[in-house]
Each structure stands twice: as C-alpha cells, then as structure tokens.
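Student: Sequence first, predicted coordinates after that:
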Amino acid sequence: MHKVLPGRVTIYRVLEGFLTEATEAPHSLRHAVFLARASSEPEIGAPAARLGQAAFLVLRLVDLLVPGQSAGAPDVFLYQASATERYTRELDFDSPEKAHLLAIVKGARDAFTTRQGSMITPGLFAYGHHLEEVSRFEEALDVFGTLMDVGGDGLASRDAIATTLRIARVNRKLARFDAAYAAYDSAGSLALIAGDVDAELRSRIGRVNIIWNRGNLAEAEAGYRQLIDDARTAGQPEAEAAATEGLATTISMRGQHAEAIPHAWRAFELYEDASSKVRMLIGLGIMLRELGDLAAAERAFRASLARADGTEHSENAVLELMECASRRGDRFGYARWREEVRRRESRLTPSMRVDFHLKQGVADARFGNPARGQEHLAAALELAQRHKLHEYVFRIEGLRNDLREPDRLQPAEFAEGSGDGSLDAVRASLRELAIVE
C-alpha cells in the first residue's frame, strides 16, 4: 500500500496515485468503484465525485483493520486517519454521505485504539444501507463486503446475518440471482444456528422472491402462502408483511388484481418502516391501475413519491406516473414524466431500465407510432434477456403482437361502483392518505 504521511498535500498526492492506478487496472484495486464516480459525473469536481474520492480513502483506511493486515506503527495509522478525516471534513458542502464517512473514520480510529473491530461495524453497515437506498448498488456491495472482511471470524452472528441478507438483497436488485440466492441461503444457515427466527424467515422470503423473479409464479405463490402461515405462527409481523406483499404481487401478476389488492393493503398495514410502506403504495397503485382505476392509482403513486425522499422508490413512482399519463392519453403529462425518468436514468436498476423501455414502447404505439414502439420493446427484450429477467421476457414477447394492433393497448373503462366492499375500503383509505399528505 502507498505510504501515507501527515499533511494536506500528501493525501492529495496519494489520491492522485490511486486514481492513476484505478484507470490502468480498475479490477485489481480495492474500492475502485468509488473512484469511477469521477469519470461518470458531468462536471469534474462535482460533489458526488469528490465524495467518491473521500469514500475511497476512508475504505482504504478501514482495510488496515482487516485481520492479518498490518496497520504499521500506531502513529502511522493515526496519521492516516487524521489526514483522511481532514480531507473529508474540508469538503465544502454537507451531505448525509459525508456524515457517514466521518462516522466511519471515527469508528476506525476507535477500533484501532481499543483493538475492538466491532467498533467499525455500525458505521459501515449504516453507510452500505445509505448507498443502497440511493441506488449506488455496486458501492453498497463494496462496503458490505468490507464489513465482512474486517469482522472476519469474530463478527457477531447478528451482524453477519444482517450483512449477508443485505448482500443478497442488493445482488437481487442488480439481477444477479445466483449470487443473491447463495447469499440468502448462507444467511438462512447462519440464522438457524443462531436461533434467529425472523432472519431465517427473511432468508426464505428472499429465496422465494428470486423464484418469482425467474418467472415461476405457481411455485412462488405456494412459497409465500406457507411463509405467511409460518410467520403468523412465529409471531413475526414484519416477515408476515413481506410474505403478504409477495403473495399480492404474485396474484396480481396472474391478472387477478381485485383479489390481490386487499393482500397488498394488508401488507401496507403490517409494515412499520417507511421504506416498505412506500413500496407497498407503489404496488397498490399498479394493481389499481390494472383494474382501470387511474384516479386511485395516481393517489397511491403520488403518496409514495411524496414519502420516497430520494430513494429508489422515487424512480419507480415516476415510472408509474408516466404510465398513468400514457393510459389517459395525456401526451403533455406523459412527456413531462418521461423527461423526469431520463433525468434519473443513472439511478435506474436493470429491471427499471427494462420497464422504462417497455412503457415507452407501449406509449409510442398508443400515440400512433408503433414502429418506434417496437424499437423500445426490442431494447427492453435485449436488456431483460441479458439480466435473465424472465418474467419481463414473457411480457415483452406478448406485447410485441399487441403493438401491431394499438386498439388492444387501450385500457379498459373503469366503473366507479364496483360493489366490492374490500376494494372500496382500500380506495377510501387512499383518499384519506392523500388528505394527510
């Protein structure tokens, strides 16, 4: 590793050397994913790029705490910690990410001086979670991997389980289903050994989610129903909520939206954390839209967007509001939401990118340009096949014929008086939610 001396000039020179190394051999340098921001940001010196450089330095400092890694003399480690902290603190802006990085430097210093590696765990986990929430998935995996490296065999079982579940979740978002399934399986084994019922249920839910991602809806539905029963028996409402959400989504994917909506609302009520509630609002909106109730759907999407607070859920909400405008035949509204998605395009996951092309293809056909619609569907299909998103592949192949007959793409007329008490109750709850928002 490059020798780090105290002083402001030295830390910049070290960073300069690492930037050169990352350019020449990007796969051989630990944490190089953070340096990639400098080349992807539209302006040199943009806050995100500079934070990426600071994150790189902070994580190189943390690497010295990995078991078996020599940190050198105590004064050398502390000099490096001080220089890294100074570089980060002197960034001329404040942000949640900057706060996370400074907390990790403090944790690293405390872990080094007390010889307790666990001192760094909370800061790394919180930072990885933050990166996941703002859709920087590769960086999140890097941080969670670093946490596992630093913890080694001495990492507390609860921390190992929680981190492995996060690694699985992020890999699933990146459509790396084999890696995700393996991580969920590993987390489940750790949970069984530790007697952690909630984590074991979550690992099972994760594996069923991957079965769903791969398009086996029948097996997924059976898995979710079993998990709901098991979670109720174990008295685990959060796990019950997650399994109920999966069941609702699966039933909806079969085209049975009216049956799915009460399950989705039940999951919304069971969840306690804000992020999950936002996700359920988006799911509810999609189901209501498929029933033809665009007004109720838009209430759900707008409520989710208001609560999303810059997380990946905001991208999903904008995509769905774009689709609502398309179904209304509102060209102006559609174009406005489409441009908003394009503005956020660097934050889209693989499945979101597929969905963006798919929605544009259908909208183009509705607005009288089926040839351009076919181009978007071809792009969506290529992405879905590349990332093994089989459920999307099936949908796209079915839509390609529909685009040749645009009349088949027009949404069904919605009758306000459905006569279904459970659906009317959900609609009333959404109206109340809109008033509160």
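Tutor: Nice, thanks for sending it over.

Student: Would you mind identifying the next helix or strand past the host helix or strand of residue 33?
Tutor: Using DSSP states H and E, residue 33 sits in helix 32-40. Per DSSP H and E, the first helix or strand lying C-terminal to helix 32-40 is helix 47-63.

Student: mind listing what's buried in the helix or strand hosting residue 393?
Tutor: If you go by DSSP H and E, residue 393 is part of helix 390-402. Neighbour counts over helix 390-402 (16 or more other CB atoms under 10 Å) mark 391-393, 395-396, 399, 402 as buried. In short, each C-beta sits where N, CA and C put it, glycine included.

Student: re earlier: which helices and strands sit right next to the helix holding residue 33?
Tutor: helix 8-24, helix 47-63, helix 137-151 (3 or more CB pairs under 8 Å, 6 or more residues apart in numbering; DSSP states H and E).

Student: Averaged pLDDT, that helix. What do you get?
Tutor: Over the span of helix 32-40, the pLDDT mean works out to 82.

Student: Likewise for stretch 178-189?
Tutor: 97.

Student: Do I have it right that residue 67 meets residue 152?
Tutor: Yes. Residue 67 is within contact range of residue 152, at 4.2 Å (criterion: CB atoms under 8 Å).

Student: who touches both of those two?
Tutor: residue 117 (CB atoms under 8 Å, 6 or more residues apart in numbering).

Student: Helices of the stretch 251-400 of the chain, start to end?
Tutor: 257-270, 274-291, 294-308, 312-328, 331-343, 350-366, 370-386, 390-402 (DSSP state H, counting those that start in this stretch).

Student: what helices or strands is the longest one leaning on?
Tutor: Helices and strands in packing contact with helix 274-291 are listed as helix 237-253, helix 257-270, helix 294-308, helix 312-328, helix 421-436; criterion 3+ CB pairs under 8 Å, 6+ apart.

Student: where among those is the average confidence lowest?
Tutor: Among those, helix 421-436 scores lowest, with a mean of 84.

Student: Buried residues of it, list them for me.
Tutor: 423, 426-427, 430, 433.

Student: what's the closest of those to residue 361?
Tutor: residue 430 (29.0 Å; CB to CB).

Student: right, and the closest one touches residue 280 too?
Tutor: No. Counting by CB under 8 Å, residue 430 stays clear of residue 280, with 11.5 Å between them.

Student: Now do the contacts for the closest residue to residue 426 other than its chain neighbours.
Tutor: Leaving aside its chain neighbours, residue 426 sits nearest to residue 265 (4.7 Å; criterion: CB to CB, 6 or more residues apart in numbering). Residue 265 makes contacts with 280, 284, 425-426, 429, as judged by CB under 8 Å, 6+ apart.

Student: got those as CSV, with distance to residue 197 columns?
Tutor: As requested, the contacts of residue 265 are exported to CSV (distance: CB to CB, whole Å):
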residue, distance to residue 197
280, 23
284, 28
425, 32
426, 30
429, 31
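
Student: and of those residues, the nearest to residue 379?
Tutor: Among those, and counting by CB to CB, the member closest to residue 379 is residue 284, at 28.7 Å.

Student: count of neighbours near that closest one?
Tutor: 28 (other CB atoms under 10 Å).

Student: Touching, it and residue 426? I think so.
Tutor: Yes. The criterion here is CB under 8 Å, and residue 284 meets it with residue 426 at 7.2 Å.

Student: what's the overlap in contacts for those two?
Tutor: Common neighbours of residue 284 and residue 426 (CB under 8 Å, 6+ apart) are 261, 265.

Student: Over to residue 344: give its phi and psi.
Tutor: Main-chain dihedrals, residue 344, degrees, to the nearest 10: phi -100, psi 10.

Student: I'd say it and residue 315 touch.
Tutor: Yes. Assessed by CB under 8 Å, residue 344 is found in contact with residue 315 at 5.3 Å.

Student: Compute the distance between residue 347 and residue 216, please.
Tutor: In this view, residue 347 and residue 216 are 29 Å apart by CB to CB, to the nearest Å.

Student: How about residue 295?
Tutor: Taken as CB to CB, the span from residue 295 to residue 216 is 34 Å.

Student: Neighbour count: these two, which is higher?
Tutor: Neighbours per residue (other CB under 10 Å) separate residue 295 from residue 216, with residue 216 holding more: 17 against 14.

Student: and residue 175, what does it touch?
Tutor: 213, 349-351, 387-389.

Student: out of these, who has the most neighbours?
Tutor: residue 389 (24 neighbours).

Student: Tell me who's in contact with that one.
Tutor: Counted by CB under 8 Å, 6+ apart, residue 389 has contacts 175, 213, 350-351, 354, 383.

Student: Mind telling me the two of those residues farthest from one another?
Tutor: Between all members of those, the farthest pair (by CB to CB) comes out as 213 and 383, at 14.4 Å.

Student: would you list the contacts of residue 175 in CSV and tack on distance to residue 95?
Tutor: Converted to CSV, the contacts of residue 175 look like this (distance: CB to CB, whole Å):
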residue, distance to residue 95
213, 33
349, 22
350, 27
351, 27
387, 31
388, 35
389, 33
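
Student: could you dump those to JSON lines with distance to residue 360 and pLDDT?
Tutor: Putting these into JSON lines (distance: CB to CB, whole Å; pLDDT from 0 to 100) gives the following:
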{"residue": "213", "distance to residue 360": "22", "pLDDT": "90"}
{"residue": "349", "distance to residue 360": "17", "pLDDT": "86"}
{"residue": "350", "distance to residue 360": "16", "pLDDT": "88"}
{"residue": "351", "distance to residue 360": "15", "pLDDT": "90"}
{"residue": "387", "distance to residue 360": "18", "pLDDT": "83"}
{"residue": "388", "distance to residue 360": "22", "pLDDT": "79"}
{"residue": "389", "distance to residue 360": "17", "pLDDT": "84"}
